[in-house]
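Colleague: how does the following fold in three dimensions:
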Amino acid sequence: MKRKHSANRTFAWLIGILLVATVQLGYAQDAEKSSDEAIAKYADAANFQTNAAMDLAITAWEEFLSQYANDPLAPKAAHYLGVCYMQREMPDYKAAAAAFAKALADKKYDLREESFANRGWCLYAASGQGVEPGEARDPKLLKETIQTFQQLSKEYPKSDFLDQAYFFSGEAAYALGDSKQAIRFYDQLLKWPKAAESPLRCDTLYARGVAQEELKDYAGAVQAYKGLLESCAESDAELAEEVRVRMGDVLLLQKDNAAAVTVFAEAAKQGGSNAPYARFRQAFALAQSGDSAGAAKTYEQLIKEFPDSKYSSAAVLASAQSSYVAGDIEAASKRFREVLNQPNQAEATEAAHWLAQIALRKGSAEEAEKVAAEQIKKGVAGQYALALKLDQAEAVSLLPGKAKESLDLFAAVYREDPNSSLAPRALYSAAFAALQSGSLQQAVDLSGQFLKRYEKDPLRSDVRYIDAEAKLLAGSHAEAAKAYEALLKETDENPQRSVWILRAITAHYLAGQYDSAIELAKAQMVALQAPAEKAEAQFLVGASHLFAQRPQDAISGLQESLKLDAEWAKASEAMLLLGQAQLQAEDAEAAVKTWQKLVATYPKNRMADQAYFRLGQQAAGKQDFPAAIAAYAQILKRDSDPGLIPYALFNQGWCFLQQDKLAEAKPLLKRMLDEYESHPLRNQTQLAYGITLRKASELPEAEKQLTAILDTNPQGISLGHALYELAQIDIEKERHAEAVVRLQRIVDEVPQYPTTGRVLYDLAWSLKEAGEEAEAAKAFENLIQKDPDNPLAAEASYFIGEQQYAARKWKESAAAFGRAAELSKDPELAEKGLYNQGWSLFRQPDFAAAEKVFADQVTRFPEGKLILDGLLMTGESRFKLEQFELASQAYQKARERIEANDESSKTIDSPEQRQIRELVYLHGGQSLGQLEKWKESVEWFDTLRSRFPNTNYLPQAFFQTAYASQQLGDEEQALKLYNQVASKYRDETAARSRFMMGEVYFGRRDMAKAIPEFQRVMYGFGADKAPAAIKNWQAKSGFEAGRCAELLIQSTQGARRDAAIKYAREFFGFVIEKHPDHELAAKAKERMEVLQRL
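Modeller: Next comes the predicted model:
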């Protein structure tokens, strides 16, 4: 808890004590040795001070000290000067301290004790004067404070100011960060014989307690606070109120929760501004003591007693938390939902977390996801931000078909803070979701990250399983076998161990490590209890023999598997492999019979599909493609074995391809590629699909297939198609250099390619993106020359225009943009072409030609995206041509569009778009001003300010309004607006505004006002360092000031006339000397020659 009370609360009291001497300005004794002049000066200063004319008194005292520094009254004068600085409406404590220091130079004068006290206090006050809350006080002044008070106590050990000296020395030490020294000073005050009577005693006890808190002397702090409450509670209720809550907080730090509850309860009962905080901390103390129900009740009490307190919203959350811990879920839910609607984002995040947890406990994943997602969309903060995101991920993972989405969410939680206690759970869940969603490599990667980072986490064995299974499913069988072996070695006791054994055998088998599979099966057979498990192990033994080219052993093993459990889940697969073993044993007839039996016995089993597949293979091997196609068709029609579908698709497609039935082959092969991106047959399918597409004269659509076609070394148009589509893929992937190579190959190797124009266009853009601007321009020019009727020629011309514009070749860019506008059939490109052509002409500058182009643009594209820009530039061009009436018409049309859409700074976010609209109003008003339509111009400037109040053109708007008001004869309004600009800004418009104020006064022949305004321009705005634009107005102001002085010469006589001549010479001399190159310098010289003759 930050220290609230400080020395500031005693300032009012201290001023009364410290300034007691100010009502007694006697000087009779010292005056005997003073001159009459000194006494008179002293008396004047004293009277000024006595009558509270402090600024006059300060001036008088300073003059006295300057004139009579060695006078006997000088020490007192310095003392009273310090008092005056203290009594000013805006005290200057540093100056006061300096004055007292001057007084203290005399070691014998009778106010020395008071000067010490005043100086010490002023030094302390000055150390914090001008310092923002929270910033450090001036350490030098703080040290001087301590030194001054120590000198006071040394010279006046019985001074009545000792309590002040001790207290403020303590405050200074505290501010310097030396709490121990501060405590020593506080203790001196508390031990002072008159301490009981000191008004600073209570503050000292408070300050001592705070210092002890910071030193972590909590017992001492509590003792100090108790002492304060015992003696100061009645005399200083405000301080007692704060001390109670501070003591409660210290008791919490001491883990004395029961005592803290009592103290906070008493503080809340006493009322005051700290009562809400006390009640809040009382509830917290109850929660810390384990009384969650009591805490919830007390939080509810706070909400009821102090509904508008800043702790009320936090109490709602805390009440919900306490209710949750106490088991009152309904009450907790109610309060948590209230927190969701409060502005505190961190509290809302926490509330959403607990609501999501409650929903998950109730089995409502949809509700949990909704609560979490809504809060995350609003924004999350605080320590529960990551937990809420994990809640959302877990809720999504429980929703059907959302595994992939939950994977991304879990992974995001882990990446956000890998060191969080939630990170292992999030990473495990991400890996599991990846496994569930079929993102196998991602599952392996995430598992690997977990195993590397979290070596002792209890989820480690589960993650090892995910890693092994993902590798197995991904086809990394050898790696899967190693992973399963590691899992078995690392984990002896687990309900899933038998599953892991079978998966390990399977991994070895699928990895081709057949002997290892057989060895592991035999070694672990005793650990397998269920018949189905033994049957599966024996099945894997038979399968391993089969693929180890030991068909007779395979037949024995597979038949044994069927004997162990004829109805186990993979009995049909055992029969399938049995047929394969028979085929390997060169008994094809037996194999076919086995597969036919399988189809008949298990017609709905997916192994029937496998049997059909092998029957298809047998038929295809005999070149009986129709029979093979029919067998594969059964697989596709049944659609019961997802793993076999890609094989059936490929083989049936291949059979059709062998018969040149491309239309039938194409959809089969395409489906295979579209649906099975990681399948082992993909490369063969790519080749078949590439051949099919080439034969059908269709462009390939996927990079890998095209690469496969290129590997077959195709020629002519097929090569062009492959290269072009690969280039398009390169472009999409921003591999611009590779795209350039492929497209250039088409230009070089396939000169008759049917869409050469498109190739050249893409080549040019790829060169541009690759940073080859010059080569890109050549390609665009090549396109325009070879295929000028191609719609892409317009875009090529536009690109060339952009290049020329960037190079500031305005004529060339104008021609290119014009050609783009002429060739383009795309309205948007044509509009852009005209607009940029207009700008190119405007920059030449050829305003007449630019005006025609901009006018053409807005006529041809009245609803185009650049209509407002075009109207503005039409007006700008006409303004440059001094066609102000026509310019105002263009601005008027632009304004009508702005106001029809009710556009303003509230609706237009883009700074560029705001600037266009602001310029419409500014330049529209200026055009009307040129036409001397002053009232109308003022209305335009007023509208600019109302619609775009923060525009950067405010100075110009105010100036133009002022100028228009001046032309309308309302000089007072003009002066008001000129002054507003001149006072607020320091740019050219501000200088010009100040100049115009001088002109208005000059016109009135009010030289006393005109000349100062001109001088403010001459010597202000940076004076000699002003920018050139402002120096122009400085020179003009100097000249006009000289003219004012000349008029004064004509209307005055004697000394006043001589002064006017002097001023005139100075002003004209200012122009000649400071602005010798200005157009008025020559005229100023002429006026000087005339003045020299006067």
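Colleague: count the neighbours of F854 for me.
Modeller: 29 (other CB atoms under 10 Å). To be clear about C-beta, it is placed using only N, CA and C from the backbone, and glycine gets the same treatment.
Colleague: which residues are in contact with it?
Modeller: Residues near F854 by CB atoms under 8 Å, 6 or more residues apart in numbering: L834, Y835, G838, G870, M873, T874, S877.
Colleague: surely the last one touches R843?
Modeller: No. Counting by CB atoms under 8 Å, no contact exists between S877 and R843, whose distance comes to 11.5 Å.
Colleague: neighbour count winner among these two?
Modeller: Neighbours were counted for S877 and for R843 using other CB under 10 Å; S877 has more, 27 against 14.
Colleague: how about the closest residue to that one other than its chain neighbours, secondary structure?
Modeller: What sits nearest to S877 in space, not counting adjacent residues and going by CB to CB, 6 or more residues apart in numbering, is E851, at 3.7 Å. At E851 the chain is in helix, as set by DSSP: H, G, I helix; E, B strand; the rest coil.
Colleague: returning to that earlier point: from the contacts of F854, list the buried ones, please.
Modeller: L834, Y835, G838, G870, M873, T874, S877 (16 or more other CB atoms under 10 Å).
Colleague: in strands, which of those residues appear?
Modeller: Among these, no member is found in strands (DSSP state E).
Colleague: could you save these as TSV and add columns showing pLDDT and distance to W500?
Modeller: TSV is the format used below for the buried ones among the contacts of F854 (pLDDT from 0 to 100; distance: CB to CB, whole Å):
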residue	pLDDT	distance to W500
L834	92	73
Y835	90	71
G838	90	76
G870	90	74
M873	90	76
T874	92	80
S877	92	82
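Colleague: a markdown table for these, including distance to P646?
Modeller: Formatted as a markdown table, those follow (distance: CB to CB, whole Å):
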| residue | distance to P646 |
| --- | --- |
| L834 | 56 |
| Y835 | 55 |
| G838 | 60 |
| G870 | 58 |
| M873 | 62 |
| T874 | 64 |
| S877 | 67 |
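Colleague: narrow those residues to those in helices?
Modeller: Assigned to helices by DSSP state H, the following of those qualify: L834, Y835, G838, G870, M873, T874, S877.
Colleague: against D187, how distant is the third one?
Modeller: Using CB to CB, to the nearest Å, we find G838 at a distance of 84 Å from D187.
Colleague: likewise the second one?
Modeller: With distances defined as CB to CB, the gap from Y835 to D187 amounts to 81 Å.
Colleague: check the last one too.
Modeller: In this structure, S877 and D187 are separated by 84 Å, where distance is defined by CB to CB.
Colleague: what do you get for the first one?
Modeller: Applying CB to CB, one obtains 86 Å for the distance of L834 from D187.
Colleague: isn't the residue nearest to S877 right up against G875?
Modeller: No. Judged on CB under 8 Å, E851 makes no contact with G875 at a distance of 9.2 Å.
Colleague: which of these two has more neighbours?
Modeller: Higher neighbour count among E851 and G875: G875, with 29 against 26, using other CB under 10 Å.
Colleague: tell me the confidence at that one?
Modeller: Here the pLDDT value assigned to G875 is 89.
Colleague: do the one 3 residues further on as well
Modeller: Looking at R878, its pLDDT is 92.
Colleague: give me the number of residues near the closest residue to F100 other than its chain neighbours?
Modeller: Leaving out its chain neighbours, the residue that sits closest to F100 by CB to CB, 6+ apart is R119, at 3.5 Å. Using other CB under 10 Å, R119 has 29 neighbouring residues.
Colleague: right, I'll leave it there.
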